[in-house]
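Engineer: the following block contains a protein sequence and its predicted model.
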2 protein chains.
Amino acid sequence: MTSQLDADMFDPACPSSVMPFRIGDKWTAMVVLCLEHGPRRFSELRVPLRTITPKVLTETLRAMERDGLVTRTSYDENPPRVEYALTPLGRSLLTLVEAARAWCRENMSELLAARRSSDLSSRDPSPAPTPARPGSDEQRAR
Amino acid sequence: MTSQLDADMFDPACPSSVMPFRIGDKWTAMVVLCLEHGPRRFSELRVPLRTITPKVLTETLRAMERDGLVTRTSYDENPPRVEYALTPLGRSLLTLVEAARAWCRENMSELLAARRSSDLSSRDPSPAPTPARPGSDEQRAR
DNA sequence: CGGTATCCTGCTAGATACTG
DNA sequence: CAGTATCTAGCAGGATACCG
């Protein structure tokens, strides 16, 4: 386990803002997912999280630590090494995150189709529905 | 069905900000819950949602309508009557909301205990743990 | 009743730069 | 490497008032 984290683990074209769903703040669910297969270092987390700033990652991890979702282990080495890991409580969130991802996989295309057609009809007097075949052009849920 | 909505349906002492979990924005999950047992009128929704302003409730409902989660039906009567109802898509969110509430019921006390003890130890040099018997003083998940 | 229209504020989170 | 320190902007959400 604990293989390298993929920089493309989270599709930037699939912003979680599309989900009618969030775990905590903007990044918490993704951190939980990143820690699923074992402890990770600060810099390691920055790879899949890409656009996150160190400041925000620190804040996110501190908040999660405070709530007992992750542990922070600092090894007194040089260069410094710090590892973050899920607690059992944090791990219990995984089922919720998975349920949310399952919902997205099943329903995202319908939601996006509804959004598109409502966007169209509010701009265009003649709707021209374009019923949007399910599972065609939407971004996949990773 | 469709009995009156309880003004105490959502405990104000149990802010959803405590949950490491949200459906969409601040109010969406609560609206979904309010519509669980049948269509509701605008004013009816304001009762359990209490502190929500008309503006924000309108925004929330419009966003949900746009995403195909609710329907808005306006009856041409006097006084005017408008009803909001869950679509099948919106209804499918109920299982997710329920999963989240189940998580809260099971784990909230542990999370709050962790938060309390971490708050203490950051203020107080001698932690004085107070292990927080589970299920004692926390607010219930409704 | 079922909303709009304004105005306003706090806070999340991004940009950027620096450090033990 | 693993963060801090500042500064700033955007925007969700709230207060208040008014309307068809």
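Structural biologist: That came in fine, so what should we check first? The model shown is predicted, which means the values in this text are computed figures rather than measured ones. Residues are numbered from 1 along each chain as shown, chains lettered A, B, ... in the order given.
Engineer: grab the most central residue of chain A for me.
Structural biologist: A:Met30 (3.4 Å; Cα atoms, centre = their mean).
Engineer: show me which residues of chain A are close to DNA strand D?
Structural biologist: A:41-44, A:53-55, A:58, A:61, A:72, A:74, A:79-83 (Cβ under 7 Å from any atom of the strand). C-beta: built from backbone N, CA, C; applies to glycine.
Engineer: only whichever of those are buried, select them in PyMOL.
Structural biologist: In PyMOL syntax, the buried subset of the residues of chain A next to DNA strand D is picked out as below (16 or more other Cβ atoms under 10 Å in any protein chain shown):
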select buried, chain A and resi 42+44+61+83
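Engineer: which ones among the residues of chain A next to DNA strand D also lie next to DNA strand C?
Structural biologist: Okay, of the residues of chain A next to DNA strand D touching DNA strand C (Cβ under 7 Å from any atom of the strand), that's A:Thr53, A:Pro54, A:Lys55, A:Pro80.
Engineer: just send these back as CSV, with distance to chain B too.
Structural biologist: Shown next, in CSV, are those (distance: Cβ to the nearest Cβ, whole Å):
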residue, distance to chain B
A:Thr53, 21
A:Pro54, 21
A:Lys55, 19
A:Pro80, 21
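Engineer: report the two of these separated the most.
Structural biologist: Of all pairs drawn from those, the one with the longest distance (Cβ to Cβ) is A:Thr53 and A:Pro80, at 19.4 Å.
Engineer: just to revisit the earlier point, for the residue nearest to the centre of chain A, grab phi and psi.
Structural biologist: Here is the backbone geometry of A:Met30 (degrees, to the nearest 10): phi -70, psi -40.
Engineer: and for A:Leu33?
Structural biologist: phi -60, psi -40.
Engineer: A:Ala100 reaches B:Val97, doesn't it?
Structural biologist: No. Using Cβ atoms under 8 Å, A:Ala100 is not in contact with B:Val97; the gap is 10.9 Å.
Engineer: which SS class is whatever residue of chain A ends up closest to DNA strand C?
Structural biologist: Nearest residue of chain A to DNA strand C: A:Lys26, at 3.1 Å (Cβ to the nearest atom of the strand). What DSSP: H, G, I helix; E, B strand; the rest coil gives for A:Lys26 is coil.
Engineer: all strands of chain A, in order?
Structural biologist: A:40-41, A:70-75, A:81-86 (DSSP state E).
Engineer: neighbours of the spatially closest residue to A:Leu96 that is not a sequence neighbour, how many?
Structural biologist: In space, and not counting its chain neighbours, A:Leu96 is closest to B:Trp103: 5.5 Å by Cβ to Cβ, 6 or more residues apart in numbering or on different chains. When neighbours are counted by other Cβ atoms under 10 Å in any protein chain shown, B:Trp103 registers 21.
Engineer: tell me the buried residues in the worst-scoring helix or strand of chain A on mean pLDDT?
Structural biologist: Across the helices and strands of chain A, the lowest-confidence element by mean pLDDT, DSSP states H and E is helix A:88-123, at a mean of 88. The neighbour-count check on helix A:88-123 (16+ other Cβ under 10 Å) flags A:89-90, A:92-94, A:96-97, A:99-101, A:103-104, A:107-114, A:117-118 as buried.
Engineer: same deal with stretch A:52-68?
Structural biologist: For stretch A:52-68, by 16+ other Cβ under 10 Å, it's A:Ile52, A:Leu57, A:Thr60, A:Leu61, A:Ala63, A:Met64, A:Glu65, A:Arg66, A:Asp67, A:Gly68.
Engineer: near chain B, which residues of chain A show up?
Structural biologist: A:19-24, A:28, A:65-69, A:89, A:92-93, A:95-96, A:99-100, A:103, A:106-107, A:110-111, A:113-115, A:118-119 (Cβ under 8 Å from any Cβ of the partner chain).
Engineer: let's see that with 7 Å instead.
Structural biologist: A:20-24, A:28, A:66-69, A:89, A:92-93, A:96, A:99-100, A:103, A:107, A:110-111, A:114-115, A:118 (Cβ under 7 Å from any Cβ of the partner chain).
Engineer: okay then, goodbye and thanks.
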